[in-house]
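Engineer: Provided below are the primary sequence and the corresponding predicted coordinates.
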Amino acid sequence: MPDLEEWYGFRSDLPQLKELRITNCPILRTLLILPTKLEILSIVECLKLSSLLGLHDLFHLCDLWLVGCPDLQFPKIIPLQAKFRKFECRECPKLNLLLGPQNVSSLEILFLIDCVGFHLPADNFLSPTLASLWIQAYLNPLVLPQLNTFYCLEELRICGCPGTQLPLNFVLPPNLKYLDIKDIPNKFRLLGLRNHSSLLELNISGCRELQLSQEEFLPSTLVHFCTINCIKVKSTLRFKNCDHLYSLKIKGCPELQLLPNDSLPVTLVHLHIKDCLRITLLFGLQYLDCLRDLHLSCCPELQLSLDEALPNELRTVRIVNCPKLTLLVGLQDLTFLNELHLANCPQLQLMCDTPLSSMPDHLEIVGCPGLREWCYINGYEYKEVIPLPPHADYNSWMMKKLF
């Protein structure tokens, strides 16, 4: 219906209509009447839709999708009558609905993303039937309960919700597969990681009061692990039985450590470590035959020994601001290398003057005086410093350029 501006509905003509989907109607402004027997309603990418009358009268509605309707709003906050099974609202910043306890007793999926005008009860708004919960950019106060008895919950994402609080001792739901927590301001401990038997993805970012166990074993099922700017985490990560870990990213966690004799999982494909002051070794690096991307930045204590050669299958190597790094064994043997960035590693040297096995598409070596002669011998460009744009801060600009 690309040219429709108003729709008066078919309440009388289609009294038994149970499913209605409206997608990509850029000039549709108003839906005046909705069939009362509707069970499924989907409205997607209706950029000028501002009125949706009769929504509060849909007692039979089970599934509701409102996506990409930036002007949709109501004259006042209205309670909904339906008992939802699936409820998804995305990118509807003016939407001022109230989702109450009467709506969620059978709820399986709740996605509330970039809908800052939406209202949820401050607590007790979740149902044990819930399988997926994703709340993002929700500004109102919200207290998340303990979820260790939510046996159906497989996906939990709470991102950018400054008024949201987690329990002080937050126990993971037993069947959770995906956990994404960002910018939670309150202090909390994450419990139940070590013996969790289903977790696949763990992403925690900007949780400055997060605490973990002193020695934290990652779940054996884990595939992706990412922690960013969790400055009070003082744990030592353990990788025992992590036979499926594909991606490991640790950034801005100055107190986090890796156990010196605990080998990295051999299944790793992506390894990113940045701003980690207490990580000193990458034990078992030479055995990571699947590793494709290696990013090491601002790790002042990091060193690699003669035994820790770079894996042969690497495509990208980026090492910046690692002042104690002295050797890169195996760099010249990387046959498939596409990108090589080495910067501000004043003690870094190579074992011999032989050239790279293949010329990378992107090569940048800056501020590594121990590599100056090697670059000269093999015809590689060497820079003492990175040329700065006008009025740029050196460190921040270099990080943006290289990462």
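Structural biologist: Happy to help now that I have it.

Engineer: Give the residue spans of the stretch 101-250 of the chain that score low on pLDDT.
Structural biologist: Applying pLDDT under 70 to the stretch 101-250 of the chain picks out residues 101-103, 122-124.

Engineer: Show me where the protein has its helices.
Structural biologist: 372-378, 394-402 (DSSP state H).

Engineer: Where among these is average confidence lowest?
Structural biologist: With a mean of 48, helix 394-402 has the lowest mean pLDDT of the helices of the chain.

Engineer: tell me, how many neighbours does the closest residue to residue 53 other than its chain neighbours end up with?
Structural biologist: Closest residue to residue 53 apart from its sequence neighbours, by C-beta to C-beta, 6 or more residues apart in numbering: residue 32 at 5.4 Å. Where you see a C-beta, it was placed from the backbone N, CA and C, and this is true even at glycine. By other C-beta atoms under 10 Å, 13 other residues sit near residue 32.

Engineer: Please look at residue 32 and residue 50 and confirm they touch.
Structural biologist: No - counting by C-beta atoms under 8 Å, no contact exists between residue 32 and residue 50, whose distance comes to 11.9 Å.

Engineer: hmm, back to that, show the backbone phi and psi for the residue nearest to residue 53.
Structural biologist: Note on residue 32: backbone dihedrals following degrees, to the nearest 10 are phi -90, psi -30.

Engineer: Can you give me the first-to-last residue distance of stretch 322-338?
Structural biologist: Stretch 322-338 stretches 21 Å from its first residue to its last (C-alpha to C-alpha, to the nearest Å).

Engineer: swap in stretch 66-73?
Structural biologist: 11 Å.

Engineer: got it, and stretch 59-68?
Structural biologist: Its first and final residues considered, stretch 59-68 spans 24 Å by C-alpha to C-alpha.

Engineer: May I see the buried residues of that stretch?
Structural biologist: 61, 62, 63, 64, 65, 66, 67, 68 (16 or more other C-beta atoms under 10 Å).

Engineer: Identify the residues contacting it?
Structural biologist: With C-beta atoms under 8 Å, 6 or more residues apart in numbering as the test, stretch 59-68 has contacts from 18, 36-47, 72, 80-92, 95.

Engineer: Filter these down to the buried ones.
Structural biologist: Of the contacts of stretch 59-68, these count as buried by 16+ other C-beta under 10 Å: 38-41, 43-44, 46, 72, 80, 82-92, 95.

Engineer: thinking again about what came up before, just the ones in strands from the buried residues of stretch 59-68, please.
Structural biologist: When DSSP state E is applied, the buried residues of stretch 59-68 are split such that 63, 64, 65, 66, 67 fall in strands.

Engineer: Serialize those residues to CSV and add fields for pLDDT.
Structural biologist: Output for these, formatted as CSV (pLDDT from 0 to 100):
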residue, pLDDT
63, 92
64, 90
65, 93
66, 92
67, 94
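
Engineer: Take those residues and write them to JSON lines, including distance to residue 188.
Structural biologist: Formatted as JSON lines, these follow (distance: C-beta to C-beta, whole Å):
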{"residue": "63", "distance to residue 188": "33"}
{"residue": "64", "distance to residue 188": "31"}
{"residue": "65", "distance to residue 188": "32"}
{"residue": "66", "distance to residue 188": "31"}
{"residue": "67", "distance to residue 188": "31"}
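
Engineer: how about those, which pair is most distant?
Structural biologist: Farthest pair in those (C-beta to C-beta) is 63 and 67. Separation: 12.7 Å.

Engineer: Mind listing residues that contact stretch 334-352?
Structural biologist: Outside stretch 334-352, the residues within contact range by C-beta under 8 Å, 6+ apart are 310, 312-329, 331-332, 356-358, 360-371, 374, 386, 398, 402.

Engineer: these two touch, right, residue 280 and residue 301?
Structural biologist: Yes - using C-beta under 8 Å, residue 280 is in contact with residue 301, at 4.6 Å.

Engineer: which neighbours do those two share?
Structural biologist: By C-beta under 8 Å, 6+ apart, no residue touches both residue 280 and residue 301.

Engineer: Point out where the stretch 251-400 of the chain drops to low pLDDT.
Structural biologist: 386-400.

Engineer: Can you list the buried residues in stretch 272-280?
Structural biologist: Buried, per 16+ other C-beta under 10 Å, within stretch 272-280: 272, 273, 274, 275, 276, 278, 279, 280.

Engineer: Reformat those residues as TSV; add distance to residue 288.
Structural biologist: Formatted as TSV, the buried residues of stretch 272-280 follow (distance: C-beta to C-beta, whole Å):
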residue	distance to residue 288
272	13
273	13
274	18
275	22
276	18
278	21
279	16
280	18
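
Engineer: Of the residues you listed, which is the nearest to residue 240?
Structural biologist: Relative to residue 240, the closest of those is residue 279; by C-beta to C-beta it sits at 18.0 Å.

Engineer: Pretty sure the closest one sits against residue 301.
Structural biologist: Yes - Residue 279 is in contact with residue 301 according to C-beta under 8 Å; the separation is 6.9 Å.

Engineer: neighbours around the nearest residue to residue 242 once chain neighbours are set aside, how many?
Structural biologist: In this structure, residue 242 finds its nearest non-sequential neighbour in residue 265, 4.4 Å apart by C-beta to C-beta, 6+ apart. Residue 265 is flanked by 24 other residues according to other C-beta under 10 Å.

Engineer: looking at it, residue 265 is touching residue 247, isn't it?
Structural biologist: No - the criterion here is C-beta under 8 Å, and residue 265 misses it with residue 247 at 10.4 Å.

Engineer: Just list the residues touching residue 371, thanks.
Structural biologist: 342, 348, 349, 350, 365, 382.

Engineer: Distance check, the nearest residue to the fifth one once chain neighbours are set aside against residue 331.
Structural biologist: Just to be clear, that refers to residue 365. Using C-beta to C-beta, 6+ apart and skipping the chain neighbours, the partner closest in space to residue 365 is residue 342 (4.9 Å). With distances taken as C-beta to C-beta, to the nearest Å, residue 342 is found 9 Å from residue 331.
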